[in-house]
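# Okay, sequence plus prediction incoming.
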Amino acid sequence: MSATPKTSGMAKLERDAVLELASKNRRLDGRALTDYRKIKIETGIIEKANGSAQVTLGKTKVMVGVKVQMGSPFPDTPNEGVQTVNVELTPLAYPTFETGPPGENAIELARIVDRNLRESKAIDVTKLCITPGNKVFVVFVDINVLDHDGNLIDASTYAALAALMTGKFPEYELKDGEVIFKDSFQPLPINNHPVPVTFAKVGKILVADPCLKEEEAMSARLTVGIDKDDFVCAMQKGGIGELDSNEIKAAVETAINKSRELRGIIMEASK
Amino acid sequence: MKTSTRCQDRTYLARSMAKPFMPEKNPGREKFVVPGSKLGVIEEFTAGKGTYETDGAIYSHHVGLATTDTSKKAVSVVPKNDPILPAEGQNIIGQVTHAMEKIAVIDIVKIGNKLSPTPFTGVLHISASSPRYEKSMSEVCRTLDIVRAKVASTTDGIIRLMTVGDNLGVLKAYCSNCGYPLALRRRLLKCDRCNNTEKRKLADDYNS
Amino acid sequence: MSKEKAPERLIDDSGLRIDGRRPEDLRPIKLEVGVLENADGSAFIQQGKNKILVGVFGPREIHPKHMVLPDRAVIRCRYRMAPFSTEERKNPAPSRREIEISKVIREALEPAVMSEYYPRTVIDIFIEALQCDGGTRCAGIVAASLALADAGISMKELVSACSAGKVGGQVVVDLCDLEDKYGEADLPVALMPNLSAVTLIQMDGKLSREEFEKALDMASEACRQIRNFQAEALRHKYQGMVDTEEPPATGEASK
């Protein structure tokens, strides 16, 4: 059951400072309202994975490993490979992250990343079918949050995208209905590059790429996923506050502009 | 009202065209409102009970009847239904779940006349338990006793109870030795099973 | 295989949708307030083939105690699909989708509830989707906000909700199951209409900026329309209790 989360006394202590600055259109770390923190993307860091990436967004660190394995297709899409996204908020990333099965925050995060990739058709799943209705490739995107300083949604999706873009899966041939894997690999079929842009509503303003302190002071959160052709492909509001529709429309416009710049950074790192 | 959105269910559409509430044209008349119904603007009225003001407009907090006090220029809403919550001044009936030296913890099972299957917890401090000085809670009430108490305050959501008053206090007591119901024998409670005698702060209708 | 059930066209030559609606048409909605005996507040919604029952308990004492918030009520929400609510039986264990929807519905209702009036308590909202036909999270929100009002819980405004989206190249409102499955985009929106406050927005699919804005406006307009039905359903249960000047509405709402 989903319940109103507790806000720590520490969060309340910091909140006033964030809100005070927001009332003057300023931010804790001096960024402009739509500025992102410094992004660092490293790829190919886990040799045993089919694709991997680590994104450092300010102090937030997320690692993604992609594994491609043979599996069965869903009955309603017999000719398509399968994409699954999983998130682990590892206990070493933040004092209140706990071990155990994923909670609602991890599940929501995984589903937002999944939505961005799936709805923009980032992975061309039609190219991952081996024998229709029987054998397909399953692309496991496993997200490990390593250090939490806010905006896990964007960091996770960028890392997932970079891992997929640099990911490889085995070449194979079919002999008498048997799948024989070769020693060689081919790049994963990536068709689209969805880039989510997340905003936090702090006081009366929206700030992009919120850090943890801003997230603790925010009333609502809005993620807008933009694909490579400037189409909106995913969206998610979070938090116990509200937004107005003009605010949302303005956020979409900002997201479209911002996503181009961010996509450039991700593409550059995933060459 | 824009009607670009059409509903296939015509009966609903027709009824949804009901006139909005306009207090200035119906002075003193009660009007049915729901949460979020706009009651007026702050230039006309002040926001009374059951209402709130935001961005210069006044809205209802409740399902209820809105009334305007023309002399005070205030609009307020009387709710049609209120959640059953222990409120200051209300009588409750509860069971003592834990009696310590100075404090008893009581499960509130009946608020006013309404039974409450998921009880609230109230606390009774010894200083509010009796008009006289009581040395120990064991002479006021004990675990498992049924008591009638009055809600003294609910500040910060903590329900503080009192049993000062003739009709307040223990309604049913059980022997702390053997658990048998205690009978009243001349101001003392006696266990007919094990002959134990005990003391309580009794309500005037004990065991009736 | 369900591929065969995919409709050839979602919009026909005369611009009508697979169930004969125009793009801006809602499905028929029936709302009923106070349908359960034991819940403190309850409501039932039927929207197309959606049948959803909501029960609210509280404000009541919170268990486990460590969840208590000293300055406000905790709001807990569970959205659950009955195993028989879908074509294929749904495994009764909570799915990731249900867990996410429970969260976004809670976050859609929280802005409306005056939780600071009920410190140290909990308000439990149980949403049981008995039959699902697309747009269940929105229908669930519509019924849940009625159930909250029925429980007498103080609120800022009723929360109304409706999806918009794109099917067969057209921006439409209130997608049914097939449109949701085979359409191009789905945009559920929850709104407190009188305060113009969006409390839920999600999207999946593909929309241009212009299409998105149109869809958001259409969904908001649909929410306003649905709010009238919500107010009407509350009036139907409560107005007759005191104010007899206008006869209570009769008909569909009580069926």
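Perfect, I can see it now. Residues are numbered from 1 along each chain as shown, chains lettered A, B, ... in the order given.
# Give me the neighbour count for residue A:69.
For residue A:69, the count of nearby residues is 12 (other C-beta atoms under 10 Å in any protein chain shown). The C-beta positions use only the backbone N, C-alpha and C, and glycine is treated the same way.
# mind listing what it touches?
By C-beta atoms under 8 Å, 6 or more residues apart in numbering or on different chains, the residues touching residue A:69 are A:137, A:138, A:140.
# Return only those of those residues found close to chain C.
Contacts with chain C are made by none of the contacts of residue A:69, judged by C-beta under 8 Å from any C-beta of the partner chain.
# For those, which entry has the maximal number of neighbours?
residue A:137 (25 neighbours).
# I'd guessed that one sits against residue A:73; true?
No - using C-beta atoms under 8 Å, residue A:137 is not in contact with residue A:73, being 9.6 Å away.
# Next, show the common contact partners of these two.
The contact sets of residue A:137 and residue A:73 overlap at A:81, A:82, A:129 (C-beta under 8 Å, 6+ apart).
# How about stretch A:87-104, which residues are buried there?
For stretch A:87-104, the neighbour count (16 or more other C-beta atoms under 10 Å in any protein chain shown) marks A:87, A:88, A:89, A:93, A:94, A:97, A:102, A:104 as buried.
# same question, stretch C:201-210
C:201, C:202, C:203, C:204, C:205, C:206, C:207, C:209.
# I'd like the next helix or strand past the lowest-mean-pLDDT helix or strand in chain B.
Across the helices and strands of chain B, mean confidence by mean pLDDT, DSSP states H and E is lowest for helix B:10-16: a mean of 40. Elements were assigned by DSSP states H and E; along the chain past helix B:10-16, the next helix or strand is strand B:31-33.
# and that next one, what other elements does it pack with?
With contacts defined as 3 or more C-beta pairs under 8 Å, 6 or more residues apart in numbering or on different chains; DSSP states H and E, the secondary structure elements packing on strand B:31-33 are strand B:64-69.
# And the following helix or strand past the strand it packs on, what's buried?
For strand B:64-69, the following helix or strand on the C-terminal side (DSSP H and E) is strand B:74-79. Residues of strand B:74-79 classed as buried under the neighbour-count rule (16+ other C-beta under 10 Å) are B:74, B:75, B:76, B:77, B:79.
# Next, count neighbours for residue A:14.
Close neighbours of residue A:14, defined as other C-beta under 10 Å, add up to 16.
# Please report how far it lies from chain B.
Distance from residue A:14 to chain B, counting by C-beta to the nearest C-beta, to the nearest Å: 24 Å.
# what do you get for residue C:235?
Distance, residue C:235 to chain B, by C-beta to the nearest C-beta: 6 Å.
# Looks to me like that residue is in a strand.
No - counting by DSSP: H, G, I helix; E, B strand; the rest coil, residue C:235 falls outside a strand, being helix.
# about what we covered before: which two of the buried residues of stretch C:201-210 have the greatest separation?
Greatest spacing in the buried residues of stretch C:201-210, by C-beta to C-beta: C:202 and C:209 (17.2 Å).
# Domain ranges for chain B, per the record?
For chain B, automatic domain parsing gives the domain ranges B:10-79, B:91-198.
# Looking at the buried residues of strand B:74-79, which two lie furthest apart in space?
Farthest pair in the buried residues of strand B:74-79 (C-beta to C-beta) is B:74 and B:79. Separation: 16.4 Å.
# quick one: which of the buried residues of strand B:74-79 is nearest chain A?
Of all these, residue B:77 has the smallest distance to chain A: 22.2 Å, by C-beta to the nearest C-beta.
# if we can go back for a sec, and the contacts of residue A:69, which of them are in strands?
Counted as lying in strands by DSSP state E, out of the contacts of residue A:69, are A:137, A:138, A:140.
# And the residue nearest the centre of chain B?
In chain B, the centroid-proximal residue (C-alpha atoms, centre = their mean) is residue B:86; its distance is 2.8 Å.
# which of the residues in stretch B:62-71 are buried?
B:62, B:63, B:64, B:65, B:66, B:67, B:68.
# Ignore what I typed, I meant stretch B:81-96.
B:81, B:83, B:84, B:85, B:86, B:91, B:92, B:93, B:94, B:95, B:96.
# just stretch B:136-151 next, same as before
For stretch B:136-151, by 16+ other C-beta under 10 Å, it's B:137-143, B:145-151.
# Need those residues in CSV (columns: secondary structure and pLDDT).
As requested, those are exported to CSV (DSSP: H, G, I helix; E, B strand; the rest coil; pLDDT from 0 to 100):
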residue, secondary structure, pLDDT
B:137, helix, 96
B:138, helix, 94
B:139, helix, 94
B:140, coil, 96
B:141, coil, 96
B:142, coil, 96
B:143, coil, 95
B:145, coil, 96
B:146, strand, 97
B:147, strand, 97
B:148, strand, 97
B:149, strand, 97
B:150, strand, 97
B:151, strand, 97
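# Which of those residues sits closest to chain A?
residue B:151 (25.5 Å).
# Serialize the shared contacts of residue A:137 and residue A:73 to a markdown table and add fields for distance to residue C:80, pLDDT and secondary structure.
Output for the shared contacts of residue A:137 and residue A:73, formatted as a markdown table (distance: C-beta to C-beta, whole Å; pLDDT from 0 to 100; DSSP: H, G, I helix; E, B strand; the rest coil):
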| residue | distance to residue C:80 | pLDDT | secondary structure |
| --- | --- | --- | --- |
| A:81 | 31 | 97 | coil |
| A:82 | 26 | 97 | strand |
| A:129 | 34 | 96 | strand |
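# Chain C next: which of the buried residues of stretch A:87-104 are close?
Among the buried residues of stretch A:87-104, chain C is touched by residue A:104 when using C-beta under 8 Å from any C-beta.
# I'd like to know how many residues surround residue B:162.
18.
# do the one 4 residues further on as well
Around residue B:166 there are 10 other residues, counting by other C-beta under 10 Å.
# Not including adjacent chain positions, what is the nearest residue to it?
Take residue B:166 and drop its neighbours on the chain: the residue closest to it by C-beta to C-beta, 6 or more residues apart in numbering or on different chains is residue B:204, 4.6 Å away.
# now do residue C:128
Closest residue in space to residue C:128, ignoring its immediate chain neighbours: residue C:53 at 4.8 Å, by C-beta to C-beta, 6+ apart.
# Does that neighbour fall in a helix, a strand, or a coil region?
Classified using three-state DSSP, residue C:53 is strand.
# That one touches residue C:44, doesn't it?
Yes - Residue C:53 is in contact with residue C:44 according to C-beta under 8 Å; the separation is 5.3 Å.
# what sits against residue B:165?
residue B:150.
# Could you pick out the residues of chain A near chain C for me?
Residues of chain A lying near chain C (C-beta under 8 Å from any C-beta): A:1-4, A:6, A:75-76, A:78, A:104, A:107-108, A:110-111, A:115, A:118-120, A:222, A:227, A:230-245, A:248-249, A:252-253, A:256.
# Got a quick PyMOL command for the buried subset of those?
Of those, the buried ones go into a single PyMOL selection, burial set by 16+ other C-beta under 10 Å:
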select buried, chain A and resi 1+2+3+4+78+104+107+108+110+111+115+118+119+120+222+227+231+232+233+234+235+236+237+238+239+240+241+242+243+245+248+252+256
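# And the strand or helix carrying residue C:58, what does it pack against?
Residue C:58 belongs to strand C:50-61 when assigned by DSSP H and E. If you count contacts as 3+ C-beta pairs under 8 Å, 6+ apart, strand C:50-61 packs onto strand B:114-125, strand C:41-47, strand C:121-131, helix C:136-150.
# May I have the secondary structure class of the residue nearest to the centre of chain B?
Going by three-state DSSP: residue B:86 is coil.
# how near is it to residue A:208?
Distance, residue B:86 to residue A:208, by C-beta to C-beta, to the nearest Å: 46 Å.
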